[in-house]
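Colleague: Prediction below, plus the sequence it came from.
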Amino acid sequence: MKRPFALAGLIITLSAQVAFCQKTIQYNWWNPAESNFSVIQGQTWPKEVAQFYDRLLARAKKEVNQSVWERSQDAAGLTIRFYSNAPAIRVRYTVSGRKDQEKRIAGLNKQIAWLCSQENVAYINPGRLLLDSSRKLNKSLFAVGPHPDKEGHRILAKAMAPYLVPLNE
């Protein structure tokens, strides 16, 4: 009867020692949206955007077509620059507003294909090879966001190879 209690006591003692041995890490979180100075690069007038990560100023909405306006609300192309002496940096973020991304890409590809036909330039669209059976981006071929992983790049390279000319020719 003493054996189960002794084992339980040993486990509690070891757990307590491990818990007390762990170093508590203190993080100082910084939100660029709450900064008192401009840290976003790639925006037009930063003080005049409707949402913090928009690229065009709010008053441009009535000056540009709807497609351009929608793309200006995508944070792609923005950069946050900062300096730190921290031994490690952790980033936390939420991606939102990517509604109908596949439709937007398909529409853009149609426009590029039309432009190429007008200029008598060959147009290939190997990106279609990165879609799944439902014509959505195959997430297993992407590393981070819209950036293909090693396998995705292999698929793209194989599809584009016949159209490329070696530099030494």
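Modeller: Okay, I see it.

Colleague: can you list the weak-confidence ranges in this structure?
Modeller: Scanning the chain for pLDDT under 70 picks out the ranges 1-23, 94-102, 145, 169.

Colleague: Let me see the ranges of the helices in the protein.
Modeller: Taking DSSP state H as the test, the helices found in the chain are 2-21, 66-72, 101-118, 150-160.

Colleague: Contacts only, for residue 57.
Modeller: 44, 45, 48, 49 (CB atoms under 8 Å, 6 or more residues apart in numbering). The C-beta positions use only the backbone N, C-alpha and C, and glycine is treated the same way.

Colleague: and the gap between the first one and residue 81?
Modeller: Same thing as residue 44. Distance from residue 44 to residue 81, counting by CB to CB, to the nearest Å: 17 Å.

Colleague: If you count surrounding residues, which of the two has more?
Modeller: Set residue 44 next to residue 81 and count neighbours by other CB atoms under 10 Å: residue 44 wins out with 12 against 9.

Colleague: My guess is residue 73 contacts residue 52. True?
Modeller: No. Residue 73 lies out of contact with residue 52 (CB atoms under 8 Å); the separation is 11.1 Å.

Colleague: For the residue nearest to residue 59 when sequence neighbours are not counted, grab the count of nearby residues.
Modeller: Computed as CB to CB, 6 or more residues apart in numbering, the closest residue to residue 59 that is not its neighbour in sequence is residue 48, at 6.8 Å. Residue 48 has 13 neighbours, counted by other CB under 10 Å.
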